[in-house]
Each structure stands twice: as structure tokens, then as C-alpha cells.
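Peer 1: Take a look and give me a structure for this.
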Amino acid sequence: MTRFSVRLLAATALLSLPVAASAHRQWIIPSATVLSGTNSGVTFDAASSTDLFFPDHRPMQLNNLKVWAPDGSEGKIENASTGAYRSTFDVKIDKPGTWKVGSKSSSVSGTFMLNGEERRVGGRPGGGMAPGGPAAGQPGPSGAATPQRAAPVSIAESPAEATDIKLTQSISRYEVFV
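Peer 2: Sure thing, here's the model as predicted:
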């Protein structure tokens, strides 16, 4: 094989590797990142969208956002507004130093087996088609109605007799510095 063929084969292999899909990414963007003085304000836009900084999906929920002053104390979100595609808010910069605006979240989800039945940890309650859902009360394609799953439990509520435990921890952090 020639050197060119090897390089071409390697490049093709690299390009054909699956790329992680990020359907809708959350973002926070400030109107300014460098300020002079301590009597300033910064306006922020926050959303979840297909393309970064182009609000086309949904607004970020502001109840999970926090502001930290340079000394570590909690700052205040002012003039908060949530629209169809983005949220907007202001932060008054009244102390010198670097301010941090963002959100942190952590969750655990997964499954375990209990007496031959699969149970869930975390997540949304229910499962299958609930009353009022698509084709409510109608049998599925196999002719049988979709069974309701047991409600999910927290890790603390997981029974000691559980087997085949599979858990996933998700930690996310969105931060911007001004």
C-alpha cells in the first residue's frame, strides 16, 4: 500500500467515526465581559438551541440560575424576562472583580430489577401510555394494552433486594464570567 493510500484510509476512518450529537445545547451570553468601574450593569441572554447563541428552541429557566459576586456572596438577577425562545436578565456589577453567572445541576437515573420486574430510579413517573395519551385506552399494535410501570424511586428508596442495578449520574454546569 502506498503512503497516500494509508493516509487516505486513515482520514476516511476518522471522518466516519460517529460524532456525539448535541441536539439542543444550553448557553448564556453576556452583553459585555470586560467592564471598568463598579457602577455597571450587564444584560444576559440564556436559551437552549440547535446552534450556539441563536435562540431557536426554548428559553433557559431562570429559577436555576445563580449570580456569584467576586467575594463569593450571591448576587441578584434583575429585570428577568422569559420569552418564547430566550430568557433575558440584568446583573448590577457593584463590586470590583470577576463575577460568575450560571447554573449547576446533578441527577441520577437508572434501573434495577426487583422480583423480576424492572424498576426505575429518578426520571419521570409512569410509563407506557397513560389515560388521555395517544390512543388512550386502546390496545397497542400487538393487541394488548401497554402496561403501566411502577413510579420511579429515589436512590434512598431503592430496596436492598434489588439486582441488576444500572445507574447513570449526570452533572452539568453552565457558567459565564464577567
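Peer 1: Can you tell me the closest non-neighbouring residue to the residue nearest to the spatial centre of the chain?
Peer 2: Nearest to the mean C-alpha position of the chain, counting by CA atoms, centre = their mean, stands Ser172 at 6.6 Å. In space, and not counting its chain neighbours, Ser172 is closest to Ser105: 5.2 Å by CB to CB, 6 or more residues apart in numbering. Backbone N, C-alpha and C define where each C-beta goes, glycine included.
Peer 1: quick one on the thing from earlier: return the distance of the helix or strand containing the residue nearest to the centre of the chain from the chain's centre.
Peer 2: Under the criterion of DSSP states H and E, Ser172 resides in strand 163-177. With CA atoms, centre = their mean, to the nearest Å as the basis, strand 163-177 stands 9 Å off its chain's centre.
Peer 1: how about low-confidence regions in the protein?
Peer 2: Scanning the chain for pLDDT under 70 picks out the ranges 1-22, 123-148.
Peer 1: how about the strands of it, start to end?
Peer 2: 25-30, 40-49, 58-59, 66-68, 77-82, 87-93, 100-114, 117-121, 163-177 (DSSP state E).
Peer 1: could I have stretch 74-83 exported to CSV, CA atoms only?
Peer 2: Coordinates of each C-alpha in stretch 74-83 appear next as CSV, following Å, rounded to 0.1, in the frame of the first residue of the first chain:
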residue,chain,number,x,y,z
GLU,A,74,-24.8,35.6,46.0
GLY,A,75,-25.6,38.4,43.6
LYS,A,76,-29.1,39.3,42.3
ILE,A,77,-30.8,38.8,39.0
GLU,A,78,-32.9,41.9,38.0
ASN,A,79,-35.4,42.6,35.2
ALA,A,80,-35.9,38.9,34.4
SER,A,81,-38.0,38.1,31.4
THR,A,82,-38.7,34.8,29.7
GLY,A,83,-39.9,34.8,26.1
